[in-house]
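Student: Kindly return the folded structure for what I paste below:
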Amino acid sequence: MRYICLCTSAAALGGFLFGYDTAVVNGSIQYLVADFDLSEGLEGWAASSALIGCIFGAMLAGMIGDRFGRKRAMLICAALFTVSAVGSAIPQTLTFFVWARFIGGLGVGGASMLSPMYIAEISPERIRGRLVSIYQLAIAAGLLIAFLVNMLIQRMGDTAWNTDMGWRWMFGAEMIPAAVFGLVLLIVPESPRWLMKVGRKSEAMTILANIAGQSHAEFEVAQIEASLSHEEGQFSELFNSGYRMALIVGVCLAIFQQLCAIQVVMYYSTKIMNSVGSSTGEAFMATVFIDVVICVFPLGA
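Tutor: Take a look at the predicted model:
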């Protein structure tokens, strides 16, 4: 059990970084805007530039994961997070900052695909759902830690210091979990399903046996072989009557999640609280409280 917990925790760090990278803008953006003297339009561009990278990261992650393996692909994401953290902390121009955030977005998009995929592929069937849910909890934890780190850094100096240096430390602090993500990935195994897919059955069997014993390994290998034999298909099959409604529900759920304006809260809650009369300290505390709620509700799901 400790072995599968290690593997799950390592992959879930991708979710943690997803949450941290998303939330670090909240609280830091007001000081970045003051430092670079940005208009409202450029403020929105600075805050949302990482999302452009997310689109491409999510599009490419599946292909890279299939070609090089889930583990190597997640290592690439760890490197992208690290480069982004450094780049976002040292920019002298908005263009440099936007490119750094774009690189981080590539990592976010890639991790959002690869981390839950890896957890699902390495988990025993009886606890697969619970283990995959840890990824979502890790995202919420990353949001919360980012808000807490921002609040602590904000309290280290006055407005002038935060405008000059504080926001840079907020972004740069992501280097620590990004480095931990990369280091932990070095000691976990590759996805057994990917190993089976590329013809490395004996390695997959060894990993599965380490997870839950030889009998579990034999059962999982048989299941994987059966599923791989039916894996080939055409994109048009998604629109067949048997899958159409599930496709519509899944896509609409993802769309409505964004249309409820959660990203506005994730990026601007501190600024929103300030606009209704809260002090800066109160605004940061309110943002932390919002994420405590976000951390609680995945438990029920």
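Student: Could you say which helix or strand holds the residue lying farthest from the centre of the chain?
Tutor: Residue farthest from the centre of the chain, counting by CA atoms, centre = their mean, is S215 at 33.7 Å. Under the criterion DSSP states H and E, the helix or strand holding S215 is helix 214-229.
Student: what helices or strands is that helix leaning on?
Tutor: When contacts are defined as 3 or more CB pairs under 8 Å, 6 or more residues apart in numbering; DSSP states H and E, helix 214-229 sits against helix 192-197, helix 201-212. Bear in mind the C-beta positions are built from the backbone N, C-alpha and C, glycine included.
Student: Please repeat the previous calculation with a cut-off of 10 Å.
Tutor: Counting contacts by 3 or more CB pairs under 10 Å, 6 or more residues apart in numbering; DSSP states H and E, helix 214-229 packs against helix 94-122, helix 192-197, helix 201-212.
Student: before we move on, the earlier item: doesn't P124 make contact with the residue farthest from the centre of the chain?
Tutor: No. Counting by CB atoms under 10 Å, S215 stays clear of P124, with 11.3 Å between them.
Student: orientation of the helix holding S215 relative to helix 201-212 in degrees?
Tutor: On the basis of axes from the mean of the first three to the mean of the last three CA atoms, to 10 degrees, helix 214-229 is oriented at 130 degrees to helix 201-212.
Student: next one: helix 214-229 to chain centre, how far?
Tutor: 29 Å (CA atoms, centre = their mean, to the nearest Å).
Student: do you know which of the helices and strands packed on helix 214-229 lies nearest S48?
Tutor: For the helices and strands packed on helix 214-229, the distance to S48 is smallest for helix 94-122, at 8.8 Å, taking CB to CB.
Student: Tell me the first helix or strand C-terminal of the closest one.
Tutor: Toward the C-terminus from helix 94-122 - assigned by DSSP H and E - lies helix 128-154.
Student: what angle do that next one and helix 94-122 make?
Tutor: Using the same axes, to 10 degrees: helix 128-154 against helix 94-122 is 150 degrees.
Student: and helix 128-154, average pLDDT?
Tutor: Averaging pLDDT along helix 128-154 gives 88.
Student: so how far is the helix or strand following that helix from its chain's centroid?
Tutor: Once the chain leaves helix 128-154, the next helix or strand it forms, by DSSP H and E, is helix 159-161. Helix 159-161 has its C-alpha centroid displaced from the chain centroid by 30 Å (CA atoms, centre = their mean).
Student: counting contacts, what elements does helix 159-161 pack onto?
Tutor: So helix 159-161, by 3+ CB pairs under 10 Å, 6+ apart, packs with helix 25-36.
Student: Check which helices and strands the helix it packs on sits against.
Tutor: Judged by 3+ CB pairs under 10 Å, 6+ apart, helix 25-36 is in contact with helix 40-68, helix 70-89, helix 94-122, helix 128-154, helix 159-161, helix 167-172, helix 262-275, helix 280-300.
Student: hmm, 7 Å instead?
Tutor: helix 40-68, helix 128-154, helix 167-172, helix 262-275, helix 280-300 (3 or more CB pairs under 7 Å, 6 or more residues apart in numbering; DSSP states H and E).
Student: what do S215 and P124 both touch?
Tutor: Taking CB atoms under 7 Å, 6 or more residues apart in numbering as the contact rule, S215 and P124 touch no residue in common.
Student: F56 versus the residue nearest to Y243 when sequence neighbours are not counted, what's the distance?
Tutor: Of all residues not flanking Y243 in the chain, E237 sits nearest, at 6.9 Å (CB to CB, 6 or more residues apart in numbering). Distance of E237 to F56, computed by CB to CB, to the nearest Å: 26 Å.
Student: Which one's more surrounded, these two?
Tutor: F56 (14 against 9; other CB atoms under 10 Å).
Student: residues in contact with that one?
Tutor: Contacts of F56 (CB under 7 Å, 6+ apart): L106, G109.
Student: Please shift the residue numbers so they start at 529 in all later answers.
Tutor: All right, first residue 529 from here; so that's F584.
Student: Would you mind measuring from it to M641?
Tutor: In terms of CB to CB, F584 sits 12 Å off from M641.
Student: do the same with G569
Tutor: Counting by CB to CB, the gap from G569 to M641 is 31 Å.
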